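[1] My questions are about this predicted structure, shown below with the sequence.
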Amino acid sequence: MRKKKEKSKRLIVVSRLLFVLYMICVLYFLLVSEGLGRTNGGVYRYNLEPLAEIKRFYNMLGGTRTYKAVLNLFGNIVCFMPFGLFVPYIFKRKISFVKVVLTTFMFSLCIEVIQLYFMIGIFDVDDLILNTLGGALGYVVYAVLNKIRN
């Protein structure tokens with residue numbers, strides 16, 4: 001019984017470390033990475049029309065810009081799935097699906113506001129939608145794994 005408890009504590013410590021590394025990577029790619037257009041353009045760029053960019057990138061699929069479309073549509077979802085997976089695991093108390101989704105949304109909103117304020121990237125309401133969807137899917141993965149484990 002004691003070995004199981006020690007193993008569980010070690011797993012939580014490792015998970016917290018992985019979460020910190022994940023957060024550093026997310027913040028780097030979404031706020032600093034020049035490869036993803038995170039340079040100060042000197043102008044405020046934003047999209048406040050829900051689904052406008054999602055539709056635009058969806059229409060790019062299958063064409064010459066498929067890579068860019070896949071990166072934007074699925075990259076935002078996949079990027080935030082670990083957030084939805086880690087949050088309920090690390091904080092161990094019973095965190096509901098709704099709380100994880102709201103936390104993901106708030107984290108994503110903070111990133112978008114920082115991008116707008118510092119004129120890096122684009123404040124995009126569609127990113128909020130895709131990122132939140134990623135966090136929700138991450139929670140679903142957590143719930144399935146937790147069910148299998150128990």
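    That came in fine, so what should we check first?

[2] now Y22, nearest residue through space, not along the chain?
    P82 (5.2 Å; Cβ to Cβ, 6 or more residues apart in numbering). Any C-beta I mention is one placed from the backbone N, CA and C, and that applies to glycine too.

[3] Which elements pack onto the helix or strand that neighbour falls within?
    Secondary structure assignment for P82, by DSSP states H and E: helix 66-90. On a contact count with 3 or more Cβ pairs under 8 Å, 6 or more residues apart in numbering; DSSP states H and E, helix 66-90 meets helix 2-31, helix 52-60, helix 97-117, helix 125-149.

[4] If we go by neighbour counts, what in the first one is buried?
    What it means is helix 2-31. 19, 26, 30 (16 or more other Cβ atoms under 10 Å).

[5] Over to stretch 139-146?
    Neighbour-count burial for stretch 139-146 [16+ other Cβ under 10 Å]: 139, 142.

[6] Now find how far off-centre that stretch is within its chain.
    Stretch 139-146 sits 16 Å away from the centroid of its parent chain (Cα atoms, centre = their mean, to the nearest Å).

[7] Stretch 82-102 now?
    The chain centre lies 13 Å from the centre of stretch 82-102; the measure is Cα atoms, centre = their mean.

[8] Stretch 2-10 now?
    On Cα atoms, centre = their mean, the centre of stretch 2-10 falls 29 Å from that of its chain.

[9] re earlier: could I get the helices and strands packed on helix 66-90 in a markdown table, plus columns for mean pLDDT and distance to F86?
    Shown next, in a markdown table, are the helices and strands packed on helix 66-90 (pLDDT from 0 to 100; distance: least, Cβ to Cβ, whole Å):
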| stretch | mean pLDDT | distance to F86 |
| --- | --- | --- |
| helix 2-31 | 88 | 4 |
| helix 52-60 | 93 | 25 |
| helix 97-117 | 96 | 10 |
| helix 125-149 | 95 | 8 |
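
[10] Redo those helices as a markdown table? Include distance to N40.
    Output for the helices and strands packed on helix 66-90, formatted as a markdown table (distance: least, Cβ to Cβ, whole Å):
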| stretch | distance to N40 |
| --- | --- |
| helix 2-31 | 11 |
| helix 52-60 | 21 |
| helix 97-117 | 10 |
| helix 125-149 | 18 |
